[in-house]
Every structure is written in C-alpha cells, then in structure tokens.
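Asker: coordinates only, sequence not included:
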C-alpha cells in the first residue's frame, strides 16, 4: 500500500516539476539535430549563464504543439532547417517581430523577414560522376536544363515529399512562373534513372556507384562523406564524385536556409533575442561551419576546407527571396505530384 | 419448520419455461434428497437456483430459516453457505488438487469436519493425486476431487450434480458406500441429482422424480416403488405393462389376454368395475405345461435371470422374468407358457 | 440488485471509451471542416497508388509473418529438434528490434558502398560489388523490415494457443488416418484460429500505423499520405480524413476478429485435457527445421544487432557523450506508470465483461481498443488539440491559470497517449488469457464462499499472473520502442532511447543512432531473458 502511495506522489511531483520553469533559460524547439549544436549551446550558457532547453522533432509537429500550447507555451525560439517551414510558422502567426539592429546589418536581405532570420545557408547542387559526364555537358548547366532529353535515365533525386526539393521547385516557380515550371518538371521527371528513394547521401552514392550519372542534393553531404565520419568506403565513394554549381550564368545556385524566429508567447523573450544574436555571432557561425559544412550567414567566416575545395566564390542566388519558398509551396508540391514525381 | 424449503418455484430462461410451480422440502438437517429425472428436464437448474447461480422468477427458497431467494430477496451465492459440486470438472486449472481443496477449507465456517482431507481423499481413492494439476488427472478423478472440495467447506447444504457419472461400476459401488458413510458422519444435508434409480434409492431419504417442469412424485424410495402415484412414474422407472382388467369377484380380476388374476384388490374398487393394473415381469412365472402359451418376440439374458417379451392374442406386449435355468428349454421354444393362476402380491392399479 | 451491479461495471469502460474516442471524434469532426485542394489533387494523382501500396504491404507482411510466426510456433510446440529449446525463447528477442531500426540496418547493409560492399571488398577487392548486391529498398525493404520485426506477435500468441490444445485431438485425428500435414491444416490451425487472428490483427494494425519504416523506404502507404498531407501540405484536416479511412480499415480487422471469436470458443481446455507429446525429428528433417529457425533468428535479431555493433565499433568516437543513466530512468518512469495504469484498467474492464456477458459492453470495449489503429502522430496532434481546448474550458470554469501546462509538455499527455495506444494490447492480451478460465470457475468459487472480489483476487489474478507479466512486458517493450507520440508530447529535455535514436537517424547520422538503438535492444532483450528465466520457465 505504502509503495503504491509513494509511486503516486512521485508521479504527481514529476508532473508539477515539469510544468514549472526556471527563469535563466531559453527554451528552443528545433528540427535541426546536430550534435555540434549542443556544444554550441553549451558555449552560449558559459558566455551568458542562460541555460538552453531543447525539444527536437519534425518542424510541423513542433509548430502544431506551439500553436496548441498558445499562451501557456514555454517555447521561446523555433528553429527549422528549411525556409518553407519558417514561412509556414509565420503564416500561423506564432512568431513575434525580431527587433535587432545587429541581425539586420549582418544578414543579407533575402535571407530574413521581419519575423524570422536565416542562421546558415546550404546550396542544392548537382553532383556528377566525371567518368560519365564531360565538362562540355556541364558548361553553364542550370536546373532548368535538367529537363533536356540529353539527361534521360541519368538523374538521381529524393522523393517529392522531401522539403528541400519542394523549396527548390518553389524557387523555380518564383523565377519562371507556374506554367514553365510544370513543363520543365515533366521533362525532368522523365530523366530519373530510378524511382526516387533514400536521403541525399544515397543520391551521391548512387552517382559514385554509377547507378546514376548526376544527382541533385545539398552541398554539405559531400563534405560529411569526405570527412571520413561515415567510414572509409563512403569517403572513397565521395572522391569519385564532383560538384557542379548550377545557374552560374544567371540568378545563381539555389540556396536554402536553416533559420529561427522568436515565438509570440515566449516567456524569455530577451534571452531568445540574445540567443539568436549569439547564433549569428562570428564565434558561433565559425563553430557551425566547422562542424556542419554549411555556408555561413555572415561575412568574415572561413569555410570548412572540405567544402571550400569545391569553390567558395560561386554565384549564390541572392535575388530570390527565401520567403517565397513557403508562398509557392503548395503549388510546387501539386505540380510535382501531377508530373509523376513520386 | 422444515430445514430446507423449495416453495412454488418458477424458472424460465429467455426462451422456455423450465420449472413450473416446483415444491419440495427437507425436514431435518443431515437428510439426503435425490432428484431423479430424464436428462434436460431441469434437475441441474434446481441445484443452480438453490446455489444462487440462477435467479428464480417466482417462489421462495428457504434454508435453515433464512430466505435465500424470493421476489425481493436474493442472497449472493457466496453468502449462502451452499456448496454445489458441478457435473463437469470445475477445479481451478492453475492450482493442484490439494490447493483446490485447501481453498474450500479456508472458507469453512461451520467448524471442522469429521474427516481430514487426507481421509476424504483416501475414501475417494485419489490420495496419490494430491500434487497433480487438474489437466493431469482423469475426468472421474477430477470429479471426485470436486466432490471432496465441496464437502470440505462443510456447507449447510451440499448439492451434488451427477457425482459419479464418470465412474466404472465396481469403483462406483465402493465410492457410493463411502460417500454415504461420509454424509452420515458429517451430518451434511445433501441434495443429489442423478438419473440412476439405484443410486437415488441408495442415498435418498426422499426422492423426487422430475418430469415435465414439475415433480411427478416426491416420496420415500419405498413409496416410489410400491405406491407410485401416476402412470408416468411407472413409465419413467420402466416398471412393466399396464393391462385392463375387470373386477369379477373377491380377490379375482379378469383380463382378456391372461384370464383370471389373483390379487388383493384395494377396497376402493367395487365388483364389476374396470380399471388398469401393473403387470411386472416378476409377476409372471414359467410353466411349460400351462395352457396359456404366448409367442416370444424378444429375449434378454441378464445373468441369473432372463426377460422375455411376449405377444398376447390381442397383440399387446408384456414381459416375463424367469430364472435362467429355463433358458436352454426356452431357447428352442417359440412359445412361453405362463403358470396359472397368476398371483400379484402387491397390486398397483389405476 | 442485478441491474445496479450492471451499471457499475458499465461506467468505467464507458469513460475509457470516451477517452479513446477523443482522437477518433476529432478525426470525424474534421470531416465537416474545409480542406485544401490537396485531397482532390491526390485523388487525381496518387491516391490509388497509396491504397495499392498499403494493400500490398499489408498482405505481404501478414503473409510473411503468418508463415514465420505460425511455422515457428508449430515446430516449437509439437516437435523436438536440435536447438529447439534455445530457439523457443530466443525468437522472442526480435521483439527488441523496432521496424525502423531494422530498416536502417537493412539499408546500411545492402545500399551502395554499404556494409555488404565493405565485407565483400574485404574478402576480395577489385569487383564493383555495388552492381552485384541486390538493392533491398522500396516496398521490398519495408516488407522485410516489418515482417521480421512483427512476426513475433504471431509466434507468441499462436504458440500459447497451440500449447492449450490437447493431445487427444491429435490422437483422434491420427486415428482417422490423418497425416501430419492434414493434422496441421485440418485440426491444429482451425483450433488455434482465435490466436492466429489476434496475432495477425495486431500485425495488421502495426503495419497500417507504421511510419518510421515506410517513410525510410519511401513506400507510399496511407500513413505516409497522412504525414505528407499534414507535414508537407500543411493540411491537418485532410490528414485527419485519411486517418478516418485508415480507422475504417482497422475496424474491418476488429470485425473479423470478433466475429470469429464469438462463433467458437476453442480456447477452453476440455476436461479430458492431455499434454502434448513432442515428436522427435531426425536426419534431414531435423536439419531443415533447425536451419529454418536459425535463419529466422539470424535475420530477425542477430543481423540488426551485428549491424549496430559494427557501427559502434567503426565509429567509436560517438558513444562517449551519451547520457545513459538519465535516459534509462526516463524510460523506467514511463514504463512503470503506463504499464500499471494499463494493466489495472484492462483487468477491471475484462472483469466487467466476464461478469456481465453483455454484448453491448463487449462492443464498447472494441471501440476502446481501436485507439491502437490511430497513427502516432495523428494521436499526438489530436490529443494536443483536445487538451488545449479542455484546459481552456477548465481555466474559464474555475478561474485558474496555466492549467494547460499541466496537460501539455508534461508526461501526463504522454501517459494518456500511451494508454489509448496500448489499451488494445492490454485488454485483448488479458482477454485471451481470461477466456481460458471457464466461467463455471466463477460459480465454483462462489460455491466455496468466495465473494466476487475474492474470486477475482484469489482465482483470477493468480490464473492470469503469467499472462499479466507477459502483457506488461509487451507494453514495456512497445513503450521503449514508441517514437512519434513520445517525440511530440514529451516534456523539455526529456529523451528516451527511441527519440535519441530518431534524433540521430533523422539528421543523417544513422551510425550514431546505433548507440541508443543498441542500448534499447539490450535492455529489452534483458527483460525478455528475465521473463524467460522466471516466468516462462517451460516456454
């Protein structure tokens, strides 16, 4: 009987403990899952004394939870790995305006809005196998060219449900309009060498294993593989693959961001602002770039050598505003589905 | 007041009426009552209503001055101190036999029994099965264990449902004797349901014959045999044939097939009155030279005696019992001579 | 008197059904809400594909799990062969491997430059093995992963059914001149049917609500349609509508199960029950059966285990940073509370059903158990919706503040979610055990003077003891493995092995996921071994 009672009290105590919050802290909801980020938050705590509490999960699941918690939400900052997800969250009205001169000056205009800011950049690049693809083929190659007959049965890419692909197509819609994009998609999908499957790394490996000649995937994956983090085989495989930055003779390579916003009901608003400013400090940016092979958001940060070797001076798309990724999201998915992209 | 009273009870399930205005009683504590009847007639239902496993629709059940069931009162089965031993094995499958019995002893509120568990198990020949689990013993053994379990509770009223259905003949006789002994010494009031007449007459201080939703007769075994009250009782016990007779003169009856029959006729009948009497096989004797010769249509060899089914001139069938000494002679004969005059010592007439 | 009793036993199941009905009601309610045009887009393009893929996956996994599960249960129960004692319990170890972890392993081994490639290259390099090694991905991968991680449901439950069959039946069949195959198909299988159906319907429900595995292999099932419409198309209403169809699907399972159950009560051991005599296999037959078992054991447990160990050995720098103790205590806390709540409520409900033998109550219970079919994310989301609404009402009613904090972002919501999700497992598990205890035992107990409560305590509980521990273990393992609901509903800084593994795996760090995964597997395996040693001694 006593045991049962003790059990019950521990249960209640736990729940009460969980529902009360400490003040010198910042609570972040994040769909960015890097071990190195946790070390970064540790640095933040050492610098400011503010403890970082983390809930990680899929962006939409976290968004829903923030909405449902409403006023009693303890979440301060929401971090995602895609501009479209930030746009969606803003659309739901869960962000508050970020008023920070520091951020406004350090972040390029197309990578921020009044309610959320980019933290890092990643390029969606074309990987190719030099044994199968000539430099002639690659000359001035844009995303738009991938619908050409020439690439029939040669392209590997993830399924249409992948958010990076949706954002890529959204950016093409923003630049070419819906009709042109739809025509492009129909040709593009016909050129797939296999049913879309696996993650971005699997696409790069497919190129290395000659299952496909080119693949579209995010920039940092090749660096992860080259670092040897994923083992010798993948390192060797990655060496067989080269990177091409598309659209160099027009708007530039499609860039996506990992970004953050402060939540409307944030209990630790001030800490949240400090936290985001910290993420965009030189120290933090260098830490992220060193560990995750992403491109920095601010100037004066040195690229990781593993990613730098593919070129640091390529033309990034600085004109297409990343908040268009959310705007065009549903249209993009619709025409991707209609054109038969699994 | 009677120790146990089953008064005007009706019982029906969702479809049919099973019992209709059934009454019986047990006068004194320690008596044994047997309920007889064909299968499916509702004997088990009576036990279950007494045990409180079924709700009666009308009537009253009283045990030891306490109302168990009526229209308003229903005492939960576990509070009745009535113990029913089921026809099918109802031992708890996850306890061994000893633990099954111990559970009952733990609920004995009437003081210790005359017998120890070991003695009881010995008397039922299952002492060696103490540590066995129900699925490891035979159906008959399990049933005996069930009976012991029910007795061990020392209940106010013990209900046994076909307790020896799964036993072979010889063992049955010994165990019947032992059980009777146990019931006498423990002074437990008992109701036994059976379809075996011999068993009922052996155990019962009173026996009830349940036919068609009610008791046809509730009486002592002696009366059931010698003073049956209805023709249905005769039919149920398969006692012989009813034949029409005419009362022609003092102590003499006349039947068209058999001629004159001598018997002491009850004074309620008057001369020239016609009625029916029971002819039992043992009333007819064999006489090779008799002038009443009847055709034999079937013979049953029962060991020391044999039963012959005979056809009369009016195509009625009657049976005659003969000691088997005559078997050899009769085997060749097509006819059976009946010794005259026919004399019936205990006349049953309607 | 009688009626009053009935009412008491109705209230609790009724409340629980209401609780379980929350997500279902919200899903149904969403039918009256406006949706985006995603659903019409889908029906124009991929809806049929989603349905076909779901169906193929379902049928294939049910087919494979029934062969693996019934086959292994059959040989273990009725035959002796080399290693039969070892395999009889070691197959249960595959319970420790969640489908998504199996999927990671399968992919890691067979993909381009994967572990298979490395091994072959180690033996002899110089060939492009990438072209030789079959690619186990897409629906193939999902079928294999789900079958090997789920067949043990069928194995366990069918084995219990087989164990309760009497040798008399087999002898009688032999006497009729039936051979072993005919005995199996005509006698044993039909007699074990309730067990088979319960096992397979559990598998069916797991398949239908699986997300981790199908999303990893990009198999377009209905769950993926639900996730896609919510996570990508931002249309929760459509997601809920898909969930509704999925639940209809599940109700089909329930109907089949309950129909077959009600038609025949095979489970009760007859009074002439005889223990099964095992037949000793010899020669090639024995070798073949042993090989069959070895392959199942290898594929279902050793293979993913080796894969995880391989990763840990290969990437040793990762496991230094792991907060084992904290995660272990979190897991223990979740399991102990959830399991006790589930067991207590399921016992009460089952007892109520037994006491009343009322069909309405049984149907109510069936509704209660349908929560199992609701995909994890949908469950989490609908519960969030409900709790936020509910706490707002309470706040208004009692002029309170911050009630929401009690429901959301604590383990409370998690316990409710687990309760709804695993209620079916608990109730049906106890039910199948309960049905083996003939109701005449209750009368027998009453005859001994035991009240209903005493009967429950002394007779039922001790009869169900093994069953209860078995069910608790299954629930515990399911909770350890549960991912989406824990992910969404858990409090701040609260990790389980599953969320930790997901955290790594989702961010392209599958190799790192091996540490929490391996610990998860080791802990559940340890539980299984304890169970084997102390509860299922002769299992």
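Answerer: That came through, no problem. Note that the coordinates shown come from a computational prediction; the quantities given were computed from them, not determined experimentally.
Asker: could you find the closest non-adjacent residue to the closest residue to chain C within the stretch 151-300 of chain B?
Answerer: In the stretch 151-300 of chain B, the residue that lies nearest chain C is residue B:153 (5.8 Å; C-beta to the nearest C-beta). For every residue, glycine as well, the C-beta is placed using N, CA and C. In this structure, residue B:153 finds its nearest non-sequential neighbour in residue B:104, 4.3 Å apart by C-beta to C-beta, 6 or more residues apart in numbering or on different chains.
Asker: okay, now the domains of chain A?
Answerer: The domain map for chain A lists A:26-121+A:255-308, A:123-254+A:316-338, with the assignment taken from automatic domain parsing.
Asker: between these, which gets nearest to residue C:372?
Answerer: When the domains of chain A are compared by C-beta to C-beta, domain A:26-121+A:255-308 sits nearest residue C:372, at 20.5 Å.
Asker: any idea how far apart the tips of that closest one sit?
Answerer: 34 Å (C-alpha to C-alpha, to the nearest Å).
Asker: please look at residue B:270 and residue B:249 and confirm they touch.
Answerer: No. Using C-beta atoms under 8 Å, residue B:270 is not in contact with residue B:249, being 11.5 Å away.
Asker: neighbour count: those two, which is higher?
Answerer: A count of neighbours by other C-beta atoms under 10 Å in any protein chain shown puts residue B:249 above the other of residue B:270 and residue B:249, at 11 against 8.
Asker: so what's the more buried one bridging to?
Answerer: Beta-bridge pairing of residue B:249 under DSSP bridges involves residue B:252.
Asker: low-confidence ranges in chain B?
Answerer: For chain B, the stretches with pLDDT under 70 are B:326-333.
Asker: ok, now how distant is the closest residue to residue A:163 other than its chain neighbours from residue C:441?
Answerer: Distances taken as C-beta to C-beta, 6+ apart place residue A:82 nearest to residue A:163, at 4.6 Å, with adjacent residues excluded. Going from residue A:82 to residue C:441 by C-beta to C-beta, to the nearest Å gives 61 Å.
Asker: neighbour count for those two, which is higher?
Answerer: Of the pair residue A:82 and residue C:441, residue A:82 is the one with more neighbours under other C-beta under 10 Å, namely 24 against 19.
Asker: residue A:165 is in contact with that one, correct?
Answerer: No. The criterion here is C-beta under 8 Å, and residue A:82 misses it with residue A:165 at 10.5 Å.
Asker: name the residues of the longest helix along chain B that are buried.
Answerer: Looking across chain B with DSSP state H, the single longest helix is helix B:169-186. For helix B:169-186, burial by neighbour count (16 or more other C-beta atoms under 10 Å in any protein chain shown) applies to B:172, B:175-176, B:179, B:182-183, B:186.
Asker: same question for stretch A:233-248.
Answerer: Of all the residues in stretch A:233-248, those buried under the rule 16+ other C-beta under 10 Å are A:233-235, A:237-238, A:240-248.
Asker: quick one: end-to-end length of it, please.
Answerer: Start and end residues of stretch A:233-248 are separated by 32 Å (C-alpha to C-alpha).
Asker: next one: that stretch to chain centre, how far?
Answerer: Relative to the centre of its chain, stretch A:233-248 is centred 19 Å away, using C-alpha atoms, centre = their mean, to the nearest Å.
Asker: next SSE downstream of the least confident helix or strand in chain C by mean pLDDT?
Answerer: Sorting the helices and strands of chain C by mean pLDDT, DSSP states H and E puts helix C:38-45 at the bottom, at a mean of 66. Per DSSP states H and E, the first helix or strand lying C-terminal to helix C:38-45 is helix C:47-78.
Asker: which elements pack onto that next one?
Answerer: Packed against helix C:47-78, as judged by 3 or more C-beta pairs under 8 Å, 6 or more residues apart in numbering or on different chains; DSSP states H and E, are the following elements: helix C:84-90, helix C:138-163, helix C:193-209, helix C:222-227, helix C:283-297.
Asker: pick the most buried one from the ones you listed.
Answerer: Burial of these is given as mean neighbour count (mean count of other C-beta atoms under 10 Å in any protein chain shown); helix C:222-227 ranks first at a mean of 26.
Asker: residue ranges with poor pLDDT in the stretch 201-350 of chain C?
Answerer: Along the stretch 201-350 of chain C, the model assigns pLDDT under 70 to residues C:230-234, C:236, C:250-251, C:254, C:256-275, C:317-322.
Asker: which stretches of it form helices?
Answerer: C:212-216, C:222-227, C:236-263, C:283-297, C:303-314, C:324-356 (DSSP state H, counting those that start in this stretch).
Asker: distance to chain B added to these, as JSON lines?
Answerer: Compiled in JSON lines, these are given as follows (distance: least, C-beta to the nearest C-beta, whole Å):
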{"stretch": "helix C:212-216", "distance to chain B": "39"}
{"stretch": "helix C:222-227", "distance to chain B": "41"}
{"stretch": "helix C:236-263", "distance to chain B": "17"}
{"stretch": "helix C:283-297", "distance to chain B": "27"}
{"stretch": "helix C:303-314", "distance to chain B": "36"}
{"stretch": "helix C:324-356", "distance to chain B": "12"}
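Asker: which residues in the stretch 51-200 of chain A form helices?
Answerer: Using DSSP H, counting those that start in this stretch, helices in the stretch 51-200 of chain A cover A:59-69, A:83-91, A:101-106, A:135-138, A:163-176, A:178-190, A:200-208.
Asker: and the angle from the second one to helix A:163-176?
Answerer: Pointing back at helix A:83-91 there. For helix A:83-91 against helix A:163-176, the angle by axes from the mean of the first three to the mean of the last three C-alpha atoms, to 10 degrees is 80 degrees.
Asker: other SSEs contacting helix A:83-91?
Answerer: Using 3+ C-beta pairs under 8 Å, 6+ apart, the elements in contact with helix A:83-91 are helix A:59-69, strand A:77-80, strand A:116-128, helix A:163-176, strand A:255-262, helix A:324-327, helix A:329-338.
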